[in-house]
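Participant: okay, sequence plus prediction incoming.
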Amino acid sequence: MNSRRRFLTLSALGSLTGIGSHQTFGQSKHVKGPIIISTWKTGLRANDRAYEVLQNGGSVLDCVEKGVNVIENDPNNRTVGIGGFPDVEGNVTLDACIMDQRQRCGSVAFLQHIKNPVSVARKVMENTKHVMLVGEGALKFALEQGFKKEMLLTEETLAAWKKRKVEVGKKLPEINIENHDTIGMIARDADGNLSGSCTTSGAGMKLHGRVGDSPIIGAGLYVDNDIGGAAATGWGEAVIENAGSAMVVELMRHGRSPQEACEEIVKRIANKFEDWRSIQVGFIALNKAGQIGAFSIRKGFTYAHHHGGANSEKPADSLLKEG
Ligand code: ASP
């Protein structure tokens with residue numbers, strides 16, 4: 001479909017689905033107290049831990065690191081950290097990044113054998129002059145920083161990988177309900193300072209060496225302490241092509257609510273990505289005032305929202321009404 005036809009289709013979809021009629025987070029309303037949002041249902045456990053860290057006097061940066069560590073450490077989660085789904089050759093390769101209220105950021109990509117890539121990313125941010133380390137270099141650095149080399153491929157994930165390999169044969173990886181679950185988290189502390197984190201094993205059955213959006217500052221995650229933060233999940237290539245999270249934050253800078261900003265960038269991706277109906281992409285966003293937003297291409301994207309002592313999973317609105 002050419003881009004004009006795609007645009008027209010989307011305009012029609014917009015009027016059918018109420019796109020543009022964003023949720024009711026009044027622009028002027030300031031939400032008090034710490035707020036933590038993270039992608040998917042798994043975010044609930046991460047949020048609980050993140051909140052606990054804040055309650056115990058940790059910084060908002062500690063909160064977004066320790067929160068997502070919980071999911072990285074869970075061998076039963078197939079899309080993050082230990083137990084993460086391997087690439088097409090059977091290697092678990094992890095991507096992660098972190099960004100704080102001082103605009104500092106750290107990132108690791110294509111990292112093997114270390115189950116907490118987000119913590120390695122934090123060390124890159126704090127202990128080097130660089131932002132991003134990849135592959136062997138990232139592993140060497142992690143070991144020097146005291147991280148332990150571990151086998152990340154669990155028996156269960158290996159069995160699932162073998163089964164999937166037979167099913168997909170030589171097909172390129174696809175994001176579907178079984179293989180997307182990247183955790184992205186944005187938090188604001190009681191003083192209004194923001195930080196964010198993002199960690200994943202990436203698209204299941206990806207090519208060896210493939211890096212997705214999650215460790216790329218501006219794609220999988222972006223935080224500007226003056227404005228807000230955003231994180232992405234889903235088909236990373238489409239997010240990278242559109243500098244997704246940075247664009248969500250930029251729209252908030254220009255006055256859009258987090259909900260409007262997420263919707264606009266999902267629509268932009270759908271307009272530009274030829275096979276947009278076959279992929280999932282979702283964003284969460286939180287602004288300085290504490291307003292939140294979430295939106296995805298396909299139905300089924302959820303996020304976890306922690307505020308005022310309550311932590312709950314919420315469905316995001318979507319462009320397509322089917323999953
Ligand atoms: N965004 C991740 C990637 O493309 C995958 C995901 O969110 O599930 O690597």
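Facilitator: Looks like it arrived, so ask away.
Participant: you'd agree residue 277 is in a helix?
Facilitator: Yes. When DSSP: H, G, I helix; E, B strand; the rest coil is applied, residue 277 is found to be in a helix.
Participant: just confirm it contacts residue 320, I think it does.
Facilitator: Yes. Between residue 277 and residue 320 there is a contact at 6.7 Å, judged by Cβ atoms under 8 Å. (C-beta placed from N, C-alpha, C; glycine too.)
Participant: common neighbours of these two, please.
Facilitator: Residues touching both residue 277 and residue 320 (Cβ atoms under 8 Å, 6 or more residues apart in numbering) are residue 297.
Participant: shouldn't residue 38 be within a strand?
Facilitator: Yes. Residue 38 forms part of a strand when assessed by three-state DSSP.
Participant: quick one: contacts for it?
Facilitator: Contacts for residue 38 (Cβ under 8 Å, 6+ apart) come out as 46-47, 50, 67-68, 183-186, 231, 284, 303-304.
Participant: looking at those residues, which one is closest to residue 140?
Facilitator: Nearest to residue 140 among these is residue 68, at 23.2 Å by Cβ to Cβ.
Participant: what does the host helix or strand of residue 44 rub up against?
Facilitator: Residue 44 belongs to helix 43-55 when elements are defined using DSSP states H and E. By Cβ under 8 Å, 6+ apart, the residues outside helix 43-55 that reach it are 34, 36-38, 60, 62-64, 66-71, 74, 183, 185, 187, 189-190, 303-306, 311-313.
Participant: and if we set it to 7 Å?
Facilitator: With Cβ atoms under 7 Å, 6 or more residues apart in numbering as the test, helix 43-55 has contacts from 34, 36, 38, 62-64, 66-68, 70-71, 183, 185, 187, 189, 303-304, 306, 311, 313.
Participant: all helices for the chain, in order.
Facilitator: With DSSP state H as the criterion, the chain has helices at 3-17, 43-55, 60-72, 117-127, 135-144, 155-168, 236-241, 244-253, 258-272.
Participant: can you redo these as TSV with mean neighbour count?
Facilitator: Below are the helices of the chain laid out as TSV (neighbours: other Cβ atoms under 10 Å):
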stretch	mean neighbour count
helix 3-17	13
helix 43-55	21
helix 60-72	26
helix 117-127	24
helix 135-144	17
helix 155-168	14
helix 236-241	22
helix 244-253	24
helix 258-272	23
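Participant: wait, which of the ones you listed is closest to the ligand?
Facilitator: Closest approach to the ligand among the helices of the chain is made by helix 236-241 (2.4 Å; Cβ to the nearest ligand atom).
Participant: quick one: the closest one near the ligand?
Facilitator: Yes. Using Cβ under 6 Å from any ligand atom, helix 236-241 reaches the ligand at residue 236.
Participant: convert that helix to PDB, retaining C-alpha atoms only.
Facilitator: Only the C-alpha atoms of helix 236-241 are listed here, as PDB (Å, rounded to 0.1, in the frame of the first residue of the first chain):
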ATOM      1  CA  GLY A 236      12.400  -2.600  17.800                       C
ATOM      2  CA  GLU A 237      13.200  -1.900  14.200                       C
ATOM      3  CA  ALA A 238      10.100   0.200  13.800                       C
ATOM      4  CA  VAL A 239      10.900   2.100  17.000                       C
ATOM      5  CA  ILE A 240      14.500   2.800  16.000                       C
ATOM      6  CA  GLU A 241      13.400   4.000  12.500                       C
END
